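> Got a sequence here, can you model it:
(chains A and B)
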Amino acid sequence: MSTKTSAATSTELQDIADRVIAQAGNGEQIEAYVSRGQQTDIRIYEGEVEHFVSAQSEGIGIRVINDGRTGFAYAGTLDEGAVASVLAEARDNVAFGTPDKWAGLAEPDGVAVIEQELWSDALAEYPTEAKIELAKELERLTRAADGRVRVDDSNYSDASGEAAVASTAGIRVSGRENGCFCSVGTLADDGDETQTGFGFAVGRSPHEFDLGKAASEAADRATRLLGATKPPSKKITVVFDPYVTAQFIGILSSALNGENVAKGRSLFANRLGETVASPLFTLIDDPTNPKAYTATDIDGEGLAARRNSLIEAGVLHGFVHSSYSARRAGTKSTGNAVRGGFKGTPGVGCLAMQLQPGSRSQAELISDVADGVLIQSVQGMHSGVNPISGDFSTGASGLLISNGQLGRPVREFTIASTLQRMLQDIVEIGGDVDWLPMRAAGVSLVIDDVTMSGA
Amino acid sequence: MIDQDVLERVLATALHSGGEFAEVYAEDKQSTTAGLDDGRVEQMTSGRDRGAGIRVVRGDTTGFAYTADLSETGLRAAAQAAGSAAAQGGGGTRTVGLTRQAPHQVNTIEIYPGTVGKATKVAMLQRADEAARSSGAAIAQVSAGYGDSRKRIIVANSDGLLAEDEQVRHNFRISVVANGDAGMQTGFESLGATIGFELFAANDIEELARTAARQAITKLRARPAPSGSVPVVIKAGSGGVLFHEACGHGLEADLIAKSSSVYRGKVGQQVASPLVTLVDDGTMAGEWGAIGIDDEGHPSQYNELIKDGVLTDYMWDHLRARKEGHAHSGNGRRQSYMHLPMVRMTNTYVLNGTEDPEDIIRDTQNGVYVAKLGGGSVNTASGDFVFGMTEAYLIENGEITEPLREGNLIGNGPQVLLDIEALGNDFAMGNPGTCGKDGQGVPVGDGQPTLRVKTMTIGGTAA
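From the prediction side, this is the model:
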C-alpha cells in the first residue's frame, strides 16, 4: 500500500472504512480494511493466445476487539448490506476468543513515512494489444535462443489495487499500487531426456522489461541440465546462485519473526546479542530501499515501513515486530505487520531482506573452491527445511566444481545440514547483488561442509 | 443462486462476439475458521465468498472474466468481457437452452456447519491443546486450527449443461513443538473430510493431538537421517503423496498435450511395477477430494490410470477432452470462481497388494521406514520429485529401530514406480492435502498400502 493517494479512486474505499469504524461502541476497538483490485493474465502458446483473463475483485475485512478478545469476518464484496453483516459477524465472533492482554490495534507512532513510487501511469495506460505482443515476443525470443528449446508457456501479468484502512486507534491511510511481469517456461529435449527452465522480467511498467535476458535465462536453465547425472554422496562446499540464496534468506524470515520468537517457535529465541552466524554475515530488512522488489512505505497495520537491522557481523541484533508481537516483547512495532489481503488479520514478517554483499564475482568465488557444487536451483525448500528445529534438506541441481573449475551438470541429489551450522559455515558472500522479484535480494553465497546425497 | 433464464441470457451474451463455447461457474461459499495458539483462541473468522467466473472459448483461445456481482447486469458485463477477451470483433447470435442434470450425490451430510454453535467448535481447540500439553513435560508450544465450509456451485454451459452441487467440508489440524537438550522438534497431524460436523463424532481430536505430541517428543532423540541411496518402506496411508507427485501430475492431459510429461505416448506401456494399480476416484464418499460434480459440471468418476503396471489412461478436463474427442473424466477443477479450471486430481490411490506389512519390514535388511511424509513437488517433464519425511525410522536387520531427524526424499517418478518391489494388504487413506498447480490450490486425498521401494535417495547428513 502506498500513501500516494489518488483522490479519484481511494476516497470511496476510505469512506467505507470510516463508516464502519464510526459504529464502534463503548470500549470497542474496530479496524476496517477495504480493497479493490484488477488483474490481467495473458498466456501465449505457439504464437496464439491460450487464455486471456481480465477481472476485478473487491472485499472488506473487519477486526473487532473488546476486553482483550478478538473477532474477525470478511466478505468478497463491498455491497452495503454485506458490509453490515461482516461487522455483525465480527462482533459475534468476539465472544469466542480468549482474553489476551496484548491484543489491540496499532497506534500511530510518529515515524515518518518514506514515500515510494508504487504507481506507474505508464503501466496503467499500456494498451491491451501491446501486452499480448510482449508475451508473443518473449515466446519468439526464447525459441530463437536455442534450437533444443520448446516453450511451455509465455505469460504477461499485471495487477493494480487500491486499499484503505481505518481504525478506532487513529490509523487512517489509503493508497494504490500496480505492477507487472512476464514469465516463460521452457523445455529442452535430448533424446528421451527432457529438462525444464524458466525466465522472467519484472518492472514498474512494461517499458522496464528486459525480455532478451528472460529468454536467454529460460533457455539456459533448461539446456544446462541436459545430460546431468546423479553425483556421489559426500561432504562438499556449496556455492549458491543469487536466486537460491534469496530463497535461503527467505527461510530465516520465519525465525526472525517476533511473534514466532515470543511463542517459542524460533531457533533464534533467547539468543539476542549472541553470535549466530559467521562474522561475514550482516542481514537487514529494508523496505525503504527503492531497489527492492517488495519496497513499500506502509506496513499491514498502517505504520511507516522502516529499515531494521537483524544480524550484524554474525551477532543477532533484533527481530521484526507488528504492534501485537511488540507489546508481548515489551518493545515497539518495527513496521513489519504483513497482511495478505482483506481475508485475514495482519501477521508479522520481513518485508525486503538484504544480505550485505562482499566484493568478488561468482567466478572469483568458484576459483577458490577445491571440491564443490554450484547450486543453480533447489526443489522442496517448503518440505525439507524446518525453521523451528533448523533441519535443512533440499533437492538440488547444478554444476560440480573441481579445483576452481566448473565441471559437469548434476541433478537428482540433495544438500543437507542445519540452518544453525550453515550460518556459521559461511565462507564468503559475493558482490553480485540481484534485486529479484522476491522478499529477499539475491547474492552468491559460499557455504562449507554441506552433505550432498546422491548415488 | 441464479435463475435458469438468467443463465441462458448470460451465455448468449458471452457467445455474442463469436465464441464456440461459453460457461458460467458460480459459487457461494460460507466458511468459519478458528485458531488457537499459545494457549489462547486467538480469533474466530467468518468468511463469505460469492461470485461467478465466465469463460468463452474461440479456437484455441480462452477468454475469462469474473465478478462478485451475481445480478444479471453484473453477469452480463463479465460475459461481455470474457467474450471480447476470447476474440476481438466477430459476431453472431446464438441462443442456449439449458437442461438440468440429475444430481450426482457422492457425499452425505448429516450435520451442517451452520447448525453447530461456535462455542462447540472453539471447545475442540481447547481440548486438543490440553491433550497435547498433557502428553509430556517436553511439549513447549501447541497451535490448533478448526475449519468448516459450505460451498454451493452451479455450472451452465453452451452445450446445454446445467448442474449444481453442494460441498461441505470440515477439517482440523494441530502442530506441536517439543523442547529437548538438543533443540526443538515439531509434530503435526490433521484431519479433513467432505462431510458434516459428524466428522468429529467419528474421530477423536484428543487422540490426534496426542499423536502429534508423540511425534515431536520422539524426534527429540532422533539421529541425523542417512545420506545416500537406501531401500525405503512407506507405511500405509502415509505415502500416497508419492504417487500424487511421482506420476499423478504427469498423467494430467493438459501436460500431455504440451509434451511436458514423461508419460506422453505411453498408454498401453508398462510404466510401473506389475504390483501397482493406480486410480483417481472423485466418488470416494466423504474423502477430502470427493466431489459430486467437477467444476465444469461433469459427474465425478472412478478412473483407473494404471492397471497392473500398465498405463491405461490420463485424466481429462473439458477443453482437452473436447479437443481429443475423449470422454470427460470428471477432473476439471478450480480453486474458486476467480480461477480457470484445469486438469486436477481428486483422490489418488494405489489398490491393495497381498503381502503382510510386517513381512515387508522383516524382509528389509537395512533401510528407512517412513511413517509420515510431508509436502512434495515434482518436475513433470523430467520426472524428478522431492518430498519431506516428517516421521521416519531406521530399519536395521529387519526391525524398526531409531527415529530419524527430518530430511527430503528424492527420486525420479518413472524409476520409483518400476522399483516398487513389495505391496502390503493394509490399504489406508492419508491426511487431507491441498494440491497446488499453476497457483491454484484444490483439496485432494491420497492413499496406499505399506510398500517398499528398492532404492531412493535420502537427503540426510549421516554417513
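
> Which residue ranges of the stretch 51-200 of chain B form helices?
Counting by DSSP state H, counting those that start in this stretch, the stretch 51-200 of chain B has helices at residues B:72-86, B:118-133, B:199-202.

> my bad, should have said chain A
A:7-21, A:80-94, A:121-124, A:128-145, A:211-223, A:242-255, A:258-262, A:323-329, A:362-367, A:381-384, A:419-424 (DSSP state H).

> so which of those helices gets nearest residue B:255?
helix A:211-223 (15.8 Å; CB to CB). The C-beta positions use only the backbone N, C-alpha and C, and glycine is treated the same way.

> what's the weakest-modelled helix or strand in chain B?
strand B:99-100 (a mean of 86; mean pLDDT, DSSP states H and E).

> what distance separates that one from the centre of its chain?
Centroid displacement of strand B:99-100 relative to its chain, using CA atoms, centre = their mean, to the nearest Å, is 29 Å.

> so what strands line up beside it?
strand B:161-180 (parallel) (DSSP bridges).

> List the buried residues for the strand it pairs with?
Neighbour-count burial for strand B:161-180 flags B:161-165, B:167-179 (criterion: 16 or more other CB atoms under 10 Å in any protein chain shown).

> How about stretch B:384-397?
B:384-395.

> Residue numbers of the stretch 1-150 of chain A in contact with chain B?
A:45, A:48-59, A:70-77, A:82, A:85-86, A:89-90, A:92-93, A:95-100, A:150 (CB under 8 Å from any CB of the partner chain).

> Out of those, which end up buried?
Buried subset of the residues of the stretch 1-150 of chain A next to chain B (neighbour count, 16+ other CB under 10 Å): A:45, A:49-59, A:70-77, A:82, A:86, A:89-90, A:93, A:96-98, A:100, A:150.

> Please write out the alpha-carbon positions of stretch A:12-28 in PDB.
Presented in PDB, the C-alpha positions along stretch A:12-28 are these (Å, rounded to 0.1, in the frame of the first residue of the first chain):
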ATOM      1  CA  GLU A  12     -14.600   5.800  -1.800                       C
ATOM      2  CA  LEU A  13     -12.800   3.000  -0.100                       C
ATOM      3  CA  GLN A  14     -11.600   5.300   2.800                       C
ATOM      4  CA  ASP A  15     -15.200   6.400   3.200                       C
ATOM      5  CA  ILE A  16     -16.400   2.800   3.600                       C
ATOM      6  CA  ALA A  17     -13.700   2.100   6.200                       C
ATOM      7  CA  ASP A  18     -14.500   5.300   8.000                       C
ATOM      8  CA  ARG A  19     -18.200   4.500   8.100                       C
ATOM      9  CA  VAL A  20     -17.500   1.100   9.700                       C
ATOM     10  CA  ILE A  21     -15.300   2.300  12.500                       C
ATOM     11  CA  ALA A  22     -17.700   5.100  13.300                       C
ATOM     12  CA  GLN A  23     -20.100   2.500  14.600                       C
ATOM     13  CA  ALA A  24     -17.700   1.400  17.400                       C
ATOM     14  CA  GLY A  25     -19.500   1.100  20.700                       C
ATOM     15  CA  ASN A  26     -18.200   1.900  24.200                       C
ATOM     16  CA  GLY A  27     -14.800   0.100  24.800                       C
ATOM     17  CA  GLU A  28     -14.900  -1.500  21.400                       C
END
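
> How about the contacts made by residue 130?
Went with chain A since none was named. residue A:206 (CB atoms under 8 Å, 6 or more residues apart in numbering or on different chains).

> actually chain B
Counting by CB under 8 Å, 6+ apart, residue B:130 has contacts residue B:206.

> mind giving me the domain split of chain B?
B:4-31+B:47-100, B:113-153+B:165-219, B:227-459 (automatic domain parsing).

> what does stretch B:77-90 contact?
Residues outside stretch B:77-90 that contact it (CB under 8 Å, 6+ apart) are A:52-54, B:10-11, B:13-19, B:22, B:24, B:52-58, B:61-67, B:69.

> Buried among those residues? Need that as a selection in PyMOL.
Buried members of the contacts of stretch B:77-90, defined by 16+ other CB under 10 Å, are picked up in PyMOL with:
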select buried, (chain A and resi 52+53+54) or (chain B and resi 10+11+13+14+15+16+17+18+19+22+24+52+53+54+55+56+57+58+61+62+63+64+65+66+67+69)
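
> Okay, and which of the contacts of stretch B:77-90 map to strands?
In strands, defined here by DSSP state E, the members of the contacts of stretch B:77-90 are A:52-54, B:22, B:24, B:52-58, B:61-67.

> Return the residues in contact with the residue in chain B that chain A sits nearest to.
Here chain B gets closest to chain A at one residue, residue B:459, 2.8 Å apart by CB to the nearest CB. Applying CB under 8 Å, 6+ apart to residue B:459 gives the contacts A:384, A:393-395, A:413-416, A:453, B:225, B:227, B:386, B:407-410.

> So what does it have for phi and psi?
Backbone geometry at residue B:459, expressed as degrees, to the nearest 10, gives phi -90, psi 60.

> what about it, distance to residue B:379?
Going from residue B:459 to residue B:379 by CB to CB, to the nearest Å gives 16 Å.

> Equivalent analysis for residue A:445, please.
Residue A:445 is 24 Å from residue B:379, where distance means CB to CB.

> cool, residue B:113 as well?
As judged by CB to CB, residue B:113 and residue B:379 stand 38 Å apart.

> neighbour-wise, which of these two wins?
Remark: of residue B:113 and residue B:379, residue B:379 carries more neighbours, 25 against 19, as counted by other CB atoms under 10 Å in any protein chain shown.

> what sits against that one?
Here residue B:379 is in contact with A:196, A:379, B:385 (criterion: CB under 8 Å, 6+ apart).

> ok, now residue B:293?
Taking CB under 8 Å, 6+ apart, we find residue B:293 in contact with B:101, B:104, B:153, B:155, B:163-165, B:299-300, B:330.

> and those, which two are the farthest apart?
B:164 and B:330, at 15.2 Å, using CB to CB across these.

> For the residue lying closest to residue B:75 once chain neighbours are set aside, which residues are in contact?
Of all residues not flanking residue B:75 in the chain, residue B:10 sits nearest, at 4.6 Å (CB to CB, 6 or more residues apart in numbering or on different chains). By CB under 8 Å, 6+ apart, the contact list for residue B:10 reads B:24, B:54, B:72, B:75-76, B:79.

> What residues of stretch B:414-429 count as buried?
By 16+ other CB under 10 Å, the buried positions in stretch B:414-429 come out as B:414-424, B:426-429.
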